[in-house]
Structures are given as structure tokens and as C-alpha cells.
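Visitor: this one's sequence-less:
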């Protein structure tokens with residue numbers, strides 16, 4: 001029992017990454033160049049495999065998410081999907097604005113060039129066609145899910161569900177467990193090309209700005225939900241702090257759901273509505289995830305390219321990013337892998353940039369998860385305020401035709 005308690009923390013992905021990187025830095029000077037290149041080659045191999053499986057994986061996840069809403073009333077389905085999309089999209093553009101604000105106070109960082117003698121030992125010989133991409137999988141999943149929802153064909157729904165289960169197993173049981181090795185290879189490359197000391201000097205201050213912006217957004221959500229009442233805002237936050245604390249320690253939004261429902265119900269006029277909204281939005285309406293990842297993407301882009309992403313680039317990235325959030329509902333521990341090809345295609349992320357965003361996702365996972373839970377509870381009250389007029393209007397229209 002004692003040994004089990006000692007080893008239990010080692011299951012946490014962040015601790016695994018920390019220990020593996022600590023060992024690497026202790027022996028890095030003793031390793032030949034080919035060993036560092038071998039670690040980088042392994043990371044690229046994992047990434048190449050992900051790029052190949054992601055389009056079909058995203059398609060199955062989104063199609064299954066659409067099918068999962070079939071047992072709800074059609075108006076409720078449309079309302080909650082639109083609400084989730086708008087809330088996620090708003091948080092992404094909030095991060096865009098915050099990125100510009102923080103950029104005025106952060107010193108510009110010019111990354112050194114990569115040494116030409118450091119490269120992968122080998123790569124997969126297969127060349128991925130341009131049409132095989134995550135955005136195509138996203139739209140295919142939406143189309144497939146709508147066909148299954150309209151036709152109500154049991155065989156098609158079962159095929160979608162089985163495809164989702166296989167894809168989820170691959171991501172969570174295989175790739176998610178490879179995160180430490182995935183990070184290690186890219187860190188090895190940054191270490192050997194002298195990028196790590198520049199990154200460490202810059203991103204410490206960046207995290208302070210991130211926490212400030214994230215906390216401000218959460219307070220705004222509670223403020224709007226309480227009708228701009230300071231007393232109501234404080235009360236609503238207190239009701240959801242237990243769920244946020246549990247999420248921070250457990251690192252899982254899904255396992256925190258009972259406490260999220262309980263806390264959100266205390267803030268609603270109709271407490272039973274929390275039982276319908278929270279399960280439908282958990283792991284899809286991910287405000288903390290959206291703000292943290294897109295803010296970091298903005299700053300990483302600025303650091304490596306010397307300028308902020310333009311509005312059109314951010315718009316195209318945001319649309320696919322928000323749609324892809326619906327594909328992460330069942331990917332506990334592996335959601336970041338769905339996003340990496342999107343960062344690579346729409347923001348031109350190179351291997352070093354991917355390594356940074358991946359490392360931050362591992363290290364900031366408790367903060368992101370707790371923010372998702374707290375924001376989900378806050379948005380539950382905002383949705384209720386919007387849903388009641390919609391419900392009354394729809395009932396009034398139906399009454400006229402009776």
C-alpha cells in the first residue's frame with residue numbers, strides 16, 4: 001500500500017515529463033549528437049503518425065458528438081450548439097485582443113537559427129496529400145453526423161460510435177502515454193540549438209499575463225450571469241469554487257461533473273437545467289482551454305516570426321479551432337493532439353513551436369481544467385438567461401398552430 005501511494009503521483013503526465021526532462025538534462029552533455037537526433041527523430045515519427053490519423057479521428061469524434069445530442073429536443077440542440085460555438089469563438093478572440101495588449105509590454109524575442117547539422121536521422125517516406133487535413137475531417141464529421149441524426153439509421157450510428165471508440169483508444173491509450181517522449185525529442189533539439197535559455201527568459205513573464213487575463217475573463221462571465229451584481233458575482237463564484245478545486249487536483253473535467261452540476265444549480269432559477277446543460281457542454285465548451293492555448297499560440301507566433309498574426313490568419317485559424325473543440329469531447333488526455341496539426345497548418349508552427357505549446361499544455365493542465373469547469377458553470381447561468389426567452393417564444397409559436 002505504501003509503495004502504491006509513492007508511485008501513484010508518477011501516473012500524472014506532468015510529473016512524468018518533469019522527471020524525464022530532469023534525467024535528460026543531467027546526462028545531456030554525456031550523449032553524442034546522434035543520441036539527441038534520435039530523440040528528435042522519435043518525436044517527429046510520433047507527429048507524422050498523428051498527422052495521418054487525425055482527419056479520420058476528428059471526423060468520427062464530431063459525428064459522434066452530433067449523434068449524442070439526438071435524445072434532446074431539436075430546439076435545445078440548436079441552441080446549445082450555437083451557444084457553445086459562440087462562447088468558444090468569443091474566448092478565442094478575447095485571447096487575440098489580450099495577445100496584442102501583452103505584446104506591448106513584452107520585449108521582442110528574436111529566436112536564433114537552427115544549426116544545419118542537427119536534423120532528424122530519418123522521416124516517414126510517405127508524403128501526405130494536401131487534401132488529407134484536419135479541417136477536411138472536421139467538415140466530413142459534421143456532414144456524417146447530420147446524416148446520421150436525420151436518417152436515424154442504427155447501423156450508421158453504430159459505425160460512428162465504434163469508429164469513435166477506436167480513435168479514442170488510440171489517442172488516450174497510445175499517443176497520450178507518449179507525451180513525455182514526444183516533448184523530450186523537441187526539447188532535445190531546442191537544447192542543442194541553444195533556444196531554451198531564450199524561451200525561459202521570455203515565457204516566465206508571459207505566464208503572469210496569462211493568469212491575469214484568464215481570471216479577468218472568468219470574473220466577467222460571473223458578472224454577466226449575475227446581472228452585473230457584485231454580490232451575486234461573489235456568491236456564484238463561491239458556489240463553483242469546490243468544483244474548480246476538485247478539477248485542479250484531479251485534472252479531469254468529466255470526473256468533476258457532479259460537483260459542477262451541484263454548484264451551477266445553485267446559481268440557476270431552474271436548478272434542474274444544470275443536469276441537462278453541464279453534461280452536454282463538459283469537455284466541449286472549454287473556455288480555459290481556448291484562452292490559454294490561443295493566447296500562447298499568439299505569443300509563440302510573435303516570438304518566432306517577429307510580428308503578431310494578422311486578422312485574416314487568426315480568423316481562419318479560429319473557425320477551425322472552434323469546430324475542432326467539438327472533436328475533443330471524448331479525448332481525455334489526448335485533446336492536444338487534435339490541435340497540433342491545426343497550429344501547424346494555420347499558424348505555420350514549426351517543431352520548436354509545437355514543442356513549446358505541448359510543454360505548456362502538460363504543465364498548465366490543472367489550471368486549464370479548473371478554468372474549464374468554473375467557466376462552464378458560469379456560462380450555464382448565461383445560457384439559462386438566453387434560453388428562457390427562446391423557449392417562451394417557441395412555445396408561443398407552436399400554440400398559434402394548434
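Guide: Noted; the coordinates are in hand. Everything quoted here is computed from the prediction, not taken from an experiment.
Visitor: What distance do you get for the residue nearest the centre of the chain to residue 372?
Guide: Centroid-nearest residue in the chain: residue 289, 4.6 Å away (criterion: C-alpha atoms, centre = their mean). Counting by C-beta to C-beta, to the nearest Å, the gap from residue 289 to residue 372 is 6 Å. For every residue, glycine as well, the C-beta is placed using N, CA and C.
Visitor: same question, residue 214
Guide: For residue 214, the distance to residue 372 - C-beta to C-beta - is 11 Å.
Visitor: which one of the two has more residues nearby?
Guide: When residue 214 and residue 372 are compared for neighbours, residue 372 comes out ahead with 27 against 24, by other C-beta atoms under 10 Å.
Visitor: Which neighbours do residue 214 and residue 372 have in common?
Guide: Common contacts of residue 214 and residue 372, defined by C-beta atoms under 8 Å, 6 or more residues apart in numbering, comprise residue 288.
Visitor: quick one on the thing from earlier: just give the closest residue to the residue nearest to the centre of the chain, not the sequence neighbours.
Guide: residue 368 (5.3 Å; C-beta to C-beta, 6 or more residues apart in numbering).
Visitor: Model confidence for that neighbour, exactly?
Guide: pLDDT recorded at residue 368 is 83.
Visitor: And for residue 400?
Guide: pLDDT, residue 400: 64.
Visitor: cool, and residue 314?
Guide: 90.
Visitor: What of residue 214?
Guide: So, for residue 214, pLDDT stands at 90.
Visitor: quick one, phi/psi of it?
Guide: Per-residue torsions, residue 214: phi -70, psi -50 (degrees, to the nearest 10).
Visitor: Can you verify my assumption that it contacts residue 291?
Guide: Yes - checked against C-beta atoms under 8 Å, the pair residue 214 and residue 291 is within contact range at 5.5 Å.
Visitor: Need the overlap of contacts for the two.
Guide: Shared contacts of residue 214 and residue 291 (C-beta under 8 Å, 6+ apart): residue 371.
Visitor: Name the spans of the stretch 51-200 of the chain whose pLDDT lies under the cut-off.
Guide: Within the stretch 51-200 of the chain, the segments meeting pLDDT under 70 span 62, 65-66, 68-77, 107-117, 128, 130-131, 133-135, 138, 194-200.
Visitor: Angles on the backbone of residue 349, please.
Guide: According to degrees, to the nearest 10, residue 349 has phi -70, psi 130.
Visitor: residues contacting it?
Guide: Contacts of residue 349 by C-beta under 8 Å, 6+ apart are 297, 300, 301, 340, 343, 357.
Visitor: Could you identify which of those has the most neighbours?
Guide: Of the contacts of residue 349, with other C-beta under 10 Å as the count, residue 297 tops at 28 neighbours.
Visitor: Check which helix or strand that one maps to.
Guide: helix 287-305 (DSSP states H and E).
Visitor: List the buried residues in that helix.
Guide: 287-304 (16 or more other C-beta atoms under 10 Å).
Visitor: Which helix or strand lies directly C-terminal to that helix?
Guide: Heading C-terminal from helix 287-305 (DSSP H and E), you reach helix 311-325.
Visitor: could you give the angle of that following helix to helix 287-305?
Guide: 140 degrees (axes from the mean of the first three to the mean of the last three C-alpha atoms, to 10 degrees).
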